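S.K.: Would you be able to build a 3D model of this:
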Amino acid sequence: MPADATLSVITISYQDPGGLSRTLSSVAEQTYSPLEHIVIDGGSGDDVAKMLEDARPSYWQSQPDAGRYDAMNQGIDRATGDVVWLMHSGDCFAARDSAALGMAALNAAGAVRDRWGYGRARIVGDPLREGLEWGYSPFELRNFALGIRPIPHQAALFGMNLVSNLGHYDVDFGLAADHLYMLRAAQRERPIVIDDVLCEFDASGAGSVRPQHEHFADIRRAWDFAGYYPWGRRDVTALASHVIEYAARSKQRARSMLSRRTRVGGR
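M.R.: Coordinates of the predicted model:
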């Protein structure tokens, strides 16, 4: 690994002191160097500002912003590294060497600043999925774009040249702007798939608990923004998407019913 390959970890936060504390500790424990940590807090108050002052990340601010993707864009604009890794408040690296594993995988592929990749995430904060791992190999653009094989955003890292070419996250797209961003990235550069659990993903956030129909509606909107339709034509692709959505919602209902029966049986 070249000594000058700097990793910029960006953390956004708002009114989540417990989650932010865990993320700060996780980043500080990473064995990889050089690493800078940039924290963009949306103005959570004096206690959080004091926490950040004491933790002393490379850069921090605590002031109002225009939402999560505006905060992520501000963090990227502050980054000076060769690679960017977005690790939100409440999310943590899976182990002390996780950042090193991710950087080594990008470096092995060559041209670190031009590449991107992702590993697996371990789910926390969701009783129905606690401890499960997700992250799909090999990467399949069609199934990713259909929402069948999603990429855990907190387990993804992006070379700065690619980031510069992609531009900012779309602040007007909604909660799935990270999916749109990775779809655009995949159209430019096939991701490197890293066969390691790189992060613990807090599945209690807004993007993880919203209704399935909202998620799939955003998946379909992303095709128009990216100009990519997995089955060539939008009408055919939309039909396939609705079938996939129905199956996903049925699976979610079955999982919820099983959980309720388990709780009742345990009393």
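
S.K.: Look up how far residue 175 lies from the nearest residue to residue 176 once chain neighbours are set aside.
M.R.: In this structure, residue 176 finds its nearest non-sequential neighbour in residue 218, 3.6 Å apart by Cβ to Cβ, 6 or more residues apart in numbering. No exception for glycine: its C-beta is placed from N, CA and C like everyone else's. When distances are taken as Cβ to Cβ, to the nearest Å, residue 218 and residue 175 turn out to be 7 Å apart.

S.K.: And residue 148, by the same measure?
M.R.: Relative to residue 175, and taking Cβ to Cβ, residue 148 is found at 19 Å.

S.K.: Equivalent analysis for residue 67, please.
M.R.: 10 Å.

S.K.: Mutual contacts of those two, please.
M.R.: Applying Cβ atoms under 8 Å, 6 or more residues apart in numbering, one finds that no residue jointly contacts residue 67 and residue 175.

S.K.: Quick one: the helices in the stretch 101-250 of the chain, in order.
M.R.: Using DSSP state H, counting those that start in this stretch, the helices of the stretch 101-250 of the chain run over residues 141-145, 160-166, 177-188, 206-209, 212-226, 234-265.

S.K.: which of the residues in the first one are buried?
M.R.: Buried positions in helix 141-145, judged by neighbour count with 16 or more other Cβ atoms under 10 Å: 144-145.

S.K.: Could you name the helices and strands sitting against it?
M.R.: Based on contacts counted as 3 or more Cβ pairs under 8 Å, 6 or more residues apart in numbering; DSSP states H and E, the elements that helix 141-145 packs against are helix 177-188, helix 212-226.

S.K.: Select from those helices the stretch with the lowest mean pLDDT.
M.R.: When the helices and strands packed on helix 141-145 are ranked by mean pLDDT, helix 212-226 comes last with a mean of 94.

S.K.: Show me what that one is packed against.
M.R.: Other elements packing on helix 212-226 under the criterion 3+ Cβ pairs under 8 Å, 6+ apart are helix 141-145, helix 177-188, helix 234-265.

S.K.: burial count for the closest residue to residue 165 other than its chain neighbours?
M.R.: Closest residue to residue 165 apart from its sequence neighbours, by Cβ to Cβ, 6+ apart: residue 188 at 6.8 Å. Here the number of neighbours of residue 188 (other Cβ atoms under 10 Å) works out to 11.

S.K.: Quick one: closest of the helices of the stretch 101-250 of the chain to residue 194.
M.R.: helix 177-188 (14.5 Å; Cβ to Cβ).

S.K.: Give the buried residues for the closest one.
M.R.: Taking 16+ other Cβ under 10 Å as the basis for neighbour counts, the residues of helix 177-188 that come out buried are 177-186.

S.K.: same question, stretch 168-177
M.R.: Buried residues in stretch 168-177, counting neighbours by 16+ other Cβ under 10 Å, are found at 169-171, 173-177.

S.K.: In those residues, find the pair that's most separated.
M.R.: Greatest spatial distance in the buried residues of stretch 168-177: 171 and 176, 12.6 Å, computed using Cβ to Cβ.

S.K.: got any ranges where this structure has weak pLDDT?
M.R.: Where the chain drops to pLDDT under 70, the residues are 1-3, 205-210, 252-267.

S.K.: from the chain's centre, how far out does the lengthiest strand in it sit?
M.R.: Looking only at the chain and at elements set by DSSP state E, the strand with the highest residue count is strand 192-202. For strand 192-202, the separation from the chain centroid amounts to 10 Å (computed by Cα atoms, centre = their mean, to the nearest Å).
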